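[1] Structural data only, the sequence is not supplied:
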């Protein structure tokens, strides 16, 4: 059995001259060398560590004067080195090496101060921050809505069904999300009003050699979950056909009621009509488009604006219905009195729906079909642009009769209206398959 003192002594003889004394001598030499100005800061910082590593450095014996065969001398020498410190010698020497590494790292990082980061890095951080902020907004509004609605079994079933549906569509959602956040054609969250949700996204074609036709789009979402990003698929499709798309965001319930939604949509339309030329759009070719609840909100904004123009002769108004080339409603509902019971059976309970619509007494005021039938608004109806209504016969969310009845009411009052029914198409088919809707041809 080899004595422990010999093993420790052999290790100390081999390692100590490398690990400590030579470094100590170098540090002392560096300290006394006043001519090396660039090294003074490192020497001072390194020597500050010496009291921690060697409390009694004067008592340290040189390796050559140590009798390695004498265990007593070896033990005394080790105790001198480790005196006053709870950390073993080799561990205590680690901060010294880390000091040089830290100095090396600080020097390397300081050099970045004098350079500029690539533009792409700044843009990526902004994209991530923007995505996080909007995700937080949607999540917060969702929890507020669930708090207001409660968690009935029908809502739970509908939520689970929606979750399964979203999982099947997840690959497509990821592809659309990547386009929405990273495409050069998308300009997100342009401010058009003072409310937090008064934002719009612009989808601008890459080829801007001439003014492009413009689509002002109001997204759907049952007046509760509408969001401007829902129009990214339509924006992508129409941008490829050299059409500028403005997806207008608006307050949802419970953040706002129907009058707030119509007001926000009207402000967004006003911004598009008055400012789209700055983005390469043709102000003489602006089309108002809405889908589902967005079709209802856009129709309300359009009819209300026509009534204001007929009554006030356009004084004090920020935009005119004459600035719109046409209105296109996709899978919309235009007579709320006929939809209350239908929505209740579909899970949008009448108590909630009436809260969104500000009570039963407001249903007629926000029903475009009822408004255009009013003889006193005949002059306002004559101001409306051409109206195209698109609907699928397989739509169970809003029956296709909603579009046919609205078109009939418009035509009875002298307005130009056309309805196109698509056999077997559901509520979302016309929106998720925009290439089959002749919207781009109309533009």
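    Happy to help now that I have it. Note that this is a predicted model, so its numbers are computed, not measured. Residues are numbered from 1 along each chain as shown.
[2] which residues are contacting the longest strand seen in the chain?
    Ordering each strand of the chain by length in residues (DSSP state E) puts strand 281-291 first. For strand 281-291, contacts defined as C-beta atoms under 8 Å, 6 or more residues apart in numbering pick out 211-220, 244, 269, 272-273, 276-277, 296-299, 302, 323-332, 385, 430-431, 439, 442-443. C-beta here means a position set from N, CA and C on the backbone, and glycine is covered the same way.
[3] mind redoing it with 7 Å?
    Strand 281-291 has contacts (C-beta atoms under 7 Å, 6 or more residues apart in numbering) with 211-220, 244, 269, 272-273, 276-277, 297-299, 302, 323-332, 431, 439, 442-443.
[4] quick one: which of those residues sit in helices?
    Of the positions in the contacts of strand 281-291, 269, 272, 273, 297, 298, 299, 302, 431, 439, 442 sit in helices, assigned by DSSP state H.
[5] Which two of those residues have the greatest separation?
    Greatest spacing in the ones in helices among the contacts of strand 281-291, by C-beta to C-beta: 273 and 431 (23.8 Å).
[6] just the strands in the protein please.
    For the chain, applying DSSP E gives strands covering 186-191, 199-203, 212-218, 244-248, 281-291, 326-330, 387-392, 417-422.
[7] any low-confidence regions in the stretch 51-200 of the chain?
    Where the stretch 51-200 of the chain drops to pLDDT under 70, the residues are 51-122, 142-156.
[8] again, only using 80
    In the predicted model of the stretch 51-200 of the chain, residues 51-127, 130-131, 134-135, 137-163, 165-173 satisfy pLDDT under 80.
[9] Now distance to residue 132 and mean neighbour count too, for the strands of the chain, in TSV please.
    Output for these, formatted as TSV (distance: least, C-beta to C-beta, whole Å; neighbours: other C-beta atoms under 10 Å):
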stretch	distance to residue 132	mean neighbour count
strand 186-191	13	16
strand 199-203	16	23
strand 212-218	25	27
strand 244-248	20	29
strand 281-291	27	22
strand 326-330	31	25
strand 387-392	36	25
strand 417-422	39	17
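[10] Using a markdown table, lay out these together with distance to residue 351.
    Formatted as a markdown table, the strands of the chain follow (distance: least, C-beta to C-beta, whole Å):
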| stretch | distance to residue 351 |
| --- | --- |
| strand 186-191 | 34 |
| strand 199-203 | 30 |
| strand 212-218 | 25 |
| strand 244-248 | 29 |
| strand 281-291 | 25 |
| strand 326-330 | 27 |
| strand 387-392 | 27 |
| strand 417-422 | 32 |
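[11] Tell me which of those lies nearest to residue 317.
    Here strand 281-291 is closest among the strands of the chain (C-beta to C-beta), at 15.7 Å.
[12] Tell me which strands the closest one pairs with, and in which orientation.
    Applying DSSP bridges to the sheet, strand 281-291 is found paired with strand 212-218 (parallel), strand 326-330 (parallel).
[13] closest to residue 140 out of these?
    strand 212-218 (22.4 Å).
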